[in-house]
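no sequence for this one, just the structure:
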């Protein structure tokens, strides 16, 4: 059965989803990301035949928020480090190192992924969308109207998580929202307002 | 003419008390808001720290030579020297600054340190073990009896005898133990800074709750470290902070280290703690465990309280202050004694409502057990122990406030219809449900605050204040106060906060911020308006005292037709803007703010007796905070407090390995917090009749986080007919309590 998720530990069965649990695991765990690196590097550097392991600095092209960007990376760099330090896209936050907080959620080819558990080189050839690309989206508007933020540090990750979830389930019910967004942590406790915000987007009110 | 500072009535208010969007909501929701972690300075180094792997050890050797050779590493700075002792895991030993995070981490891994391990003690719940290990110290205590000792009687002997007599004569006696484990602050933005020198001037972007006070902290820390720095050389900047909760009042030693490295290398340095370090060393809330004997009369009124409690503040011995035991309820006869334990855990810091959540959780559970023993409704027992405003049996808010709040909460919870005697509910399979309640109090008096308000001749209004926004909605509150005073849309006000070079405003701690900033800004704004009114009065030939600012106009209170637009009024200032300073000193006599609030919370839970899993069904919170300036943001703050409360009641605990003292769950996958699916339904209301509103503004940050522990624990006891302790009420603790009760 196909499964889908907006973050770790939030798998919910959905027969129409093209997003398999296998994809999810491969993309979200650091170990899984490392296992995939040889293949990704090969495809990113097809001219360097015979090389199985990338080392040292490499220049790669990442497609971020619709724009191709050349960045210099080391193989060990996460997508999050590159977004934050090289492209100054600081919406995705470094809160954990294992994806358990959801604060670094970005969309990779439309799927919610944790930028801190994905290596930058693994993102070559994929379309990356960060929270900054949602400036005119209904989700941040709904978050603001429903006051779904306090300190706001988890908010960008939550906004992307809600966007991804509602892309998959545009008519989500309150119960589905409560069950489907457990991948994002908030310490100030904005969940009650996040539920309202997500419902507002479903109802087209934001 | 001296201006009399005051708030308008509810009916006349045009901005305060209105539900509005958070002023910086879009910035926070779209990633535009720049937190300390997000400040990237040109040519900056990234620093990472080596945390001590041992909870108790002495340093035998430090070798940084391999770390210095790691490509990309620029500076390696030991923070400890040989023979230094370390008293808790994670304490930082060495800082490595490098060109990238990866290089810094590789440098940290290359540091070689030898340790001699020393005895470890972390069993804070085990008083006998702590005494045997010589880890206890007196935490203070107090005895009070209604009856006086006889003339020749020794007062101490008398008190002991009197307490025993009262317990013997009590109609109902509860003898039990309760507890609540230590938790951490776990700010999502870890503690840290991004710093840069320009000559002798230091710009420090710091994740802090104390913008106006941390320049001094930097200057002192640096000077001690040999970098002579004056307070005035330092600018602390914090535009946004990713969580504080009482743990971010100082630039910690790691921020000083970042500034030292920056000085030495001539490059900006960013040093934010890693997640495990944030949990291990950047603050925690003391644990609290108690042995109670409670006596009550036939009716369930408490006649005597006798308790001994203990807990730990980690390597600095501390525990729950004895002065708040028993919590809110103040029986005429009591004896309370506190014991502090020193453990090899990170050192405690103020945690949202210091002492109160623990005190509430370990004492209002005993009062609920009284109801359980009597087969009585907990609501009735709590009510009977409030007393009256003339003869209160509670310390904190007025009994009449608690009474009204309890009645309203019961209505919203449908308490009477849902309640059943403890353990006697209708089970659905293995699921039983239950109701519990608790009450709380907090001071929340306005903090010190100063600000300047500038009114430009073109009508623009600008306010500047060295305060910060922890998530309270600081900007929104200031904007509403100014909008109220000048009759302008709240979004039109330009606000500058978050720098130590701005007018000094107090640290955000103890629920003092909204009171403080409301005081300073209302005062400055009223003074500024008085000056504008003088100019307009002359122009319109109206008594300035009879002018008001409404809907973008300055008009006569007698004849609204006699008016000018706000812009026109400001143009009368001529060429220069009007600048007015507002000041409030904490504790001053004032009509604008007050202190001491009361709140009531009720929880409805379901417990699965087979799995031990507790599920929140509904939470009702009724809160008095005097006058509510920004109800939407205030309500959010209560929602948040309830969620934090659910976390520490059901999930959250620092788990220390008893043998090594290691903090074994120092990551977010295992340090369990509540998630969105765990919270159930919330109903939040403010208790704001004129009698309370008229007291003015009172802080809200702390109070609503106090009562969830006892309310949830009491609801679980009501469901099961068995007390589960200590908090958090994990499934294994629920099952263990059920098993013990069966045996």
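Yep, that arrived. All of these numbers come straight from a predicted model, not from anything done at the bench. Residues are numbered from 1 along each chain as shown, chains lettered A, B, ... in the order given.

what domains does the record give for the chain?
I went with chain A, as the question did not name one. Residue ranges for the structural domains of chain A, counted by automatic domain parsing, are given in the record as A:3-130, A:134-202.

correction: the question concerned chain B.
Listed domain ranges for chain B are B:25-33+B:446-584, B:36-119+B:191-272, B:370-444+B:594-742 (source: automatic domain parsing).

give me the pLDDT for the residue sitting nearest the centre point of chain B.
For chain B, the residue whose C-alpha lies nearest the mean C-alpha position (Cα atoms, centre = their mean) is residue B:352; its distance is 2.0 Å. Predicted confidence (pLDDT) at residue B:352: the value is 98.

now it: phi and psi?
Comment: the main-chain dihedrals of residue B:352 come out as phi 0, psi 110, following degrees, to the nearest 10.

so how far is residue B:285 from it?
According to Cβ to Cβ, to the nearest Å, residue B:352 stands 8 Å off from residue B:285. Yep, even glycine has a C-beta here, placed from its N, CA and C like the rest.

beta-bridge partners for the most centrally placed residue in chain A, please?
With distances taken as Cα atoms, centre = their mean, the residue of chain A nearest its centroid is residue A:106 (2.5 Å). The partner list for residue A:106 in beta bridges (DSSP bridges) reads residue A:113.

isn't it right next to residue A:160, touching?
Yes - taking Cβ atoms under 8 Å as the contact criterion, residue A:106 and residue A:160 are neighbours in contact, 6.2 Å apart.

what's the overlap in contacts for those two?
Taking Cβ atoms under 8 Å, 6 or more residues apart in numbering or on different chains as the contact definition, residue A:106 and residue A:160 share the neighbouring residues A:92, A:112, A:129, A:130, A:131.

which residues of chain A score low on pLDDT?
Counting by pLDDT under 70, the ranges of chain A that qualify are A:1-54.

quick check, distance from stretch B:590-597 to the centre of its chain.
Using Cα atoms, centre = their mean, to the nearest Å, the mean C-alpha position of stretch B:590-597 is found 19 Å from that of the whole chain.

how about the nearest residue to whatever residue of chain A ends up closest to chain B, chain neighbours excluded?
As assessed by Cβ to the nearest Cβ, chain B sits closest to residue A:91 within chain A, at 2.2 Å. Sequence neighbours aside, residue B:31 is the residue nearest to residue A:91 in space, at 2.2 Å (criterion: Cβ to Cβ, 6 or more residues apart in numbering or on different chains).

just residue B:632 next, same as before
The shortest distance from residue B:632 to any residue that is not its chain neighbour, by Cβ to Cβ, 6+ apart, is 4.4 Å, and that residue is residue B:19.

buried ones in the biggest helix by length in chain A?
Across chain A, the longest stretch assigned as helix under DSSP state H is helix A:155-168. When neighbours are counted by 16 or more other Cβ atoms under 10 Å in any protein chain shown, the buried residues of helix A:155-168 are found to be A:155-166, A:168.

cool, and stretch A:97-114?
By neighbour count with 16+ other Cβ under 10 Å, stretch A:97-114 contains the buried residues A:97-108, A:111-114.

from start to finish, how long is it in a straight line?
When the termini of stretch A:97-114 are compared using Cα to Cα, to the nearest Å, they are 10 Å apart.

quick one: that stretch to chain centroid distance?
Centroid separation between stretch A:97-114 and its chain, computed with Cα atoms, centre = their mean, is 3 Å.

next one: stretch B:544-553
With Cα atoms, centre = their mean as the basis, the distance from the averaged C-alpha position of stretch B:544-553 to the chain average is 39 Å.

quick one: end-to-end distance for it.
For stretch B:544-553, the separation between the terminal residues is 14 Å (Cα to Cα).

run through who's touching that stretch.
Among residues not part of stretch B:544-553, those counted as contacts by Cβ under 8 Å, 6+ apart are B:1, B:14, B:485-489, B:529-530, B:533-534, B:536-537, B:540, B:554-558, B:560, B:563-566.

in it, what's buried?
Buried positions in stretch B:544-553, judged by neighbour count with 16+ other Cβ under 10 Å: B:544, B:547, B:548, B:549, B:550, B:552, B:553.

quick revisit: from residue A:91, how far off is the residue nearest to residue B:632?
27 Å.

same deal with residue A:204?
Distance of residue A:204 to residue A:91, computed by Cβ to Cβ: 25 Å.

what residues are up against residue B:100?
By Cβ under 8 Å, 6+ apart, the residues touching residue B:100 are A:74, A:77, A:81, A:85, B:46, B:72.

want to throw these into a markdown table with secondary structure, distance to residue B:413 and neighbour count?
Formatted as a markdown table, the contacts of residue B:100 follow (DSSP: H, G, I helix; E, B strand; the rest coil; distance: Cβ to Cβ, whole Å; neighbours: other Cβ atoms under 10 Å in any protein chain shown):
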| residue | secondary structure | distance to residue B:413 | neighbour count |
| --- | --- | --- | --- |
| A:74 | coil | 57 | 20 |
| A:77 | coil | 52 | 22 |
| A:81 | helix | 48 | 21 |
| A:85 | helix | 50 | 18 |
| B:46 | strand | 51 | 23 |
| B:72 | coil | 59 | 17 |
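
what's the closest of those residues to residue B:111?
The shortest approach to residue B:111 among the contacts of residue B:100 belongs to residue B:72, at 14.9 Å (Cβ to Cβ).

bridging residues for the residue nearest to residue A:128 when sequence neighbours are not counted?
Excluding the flanking residues, the one nearest residue A:128 by Cβ to Cβ, 6+ apart is residue A:64, at 4.8 Å. Bridge pairing for residue A:64 (DSSP bridges) gives the partners residue A:67, residue A:128.
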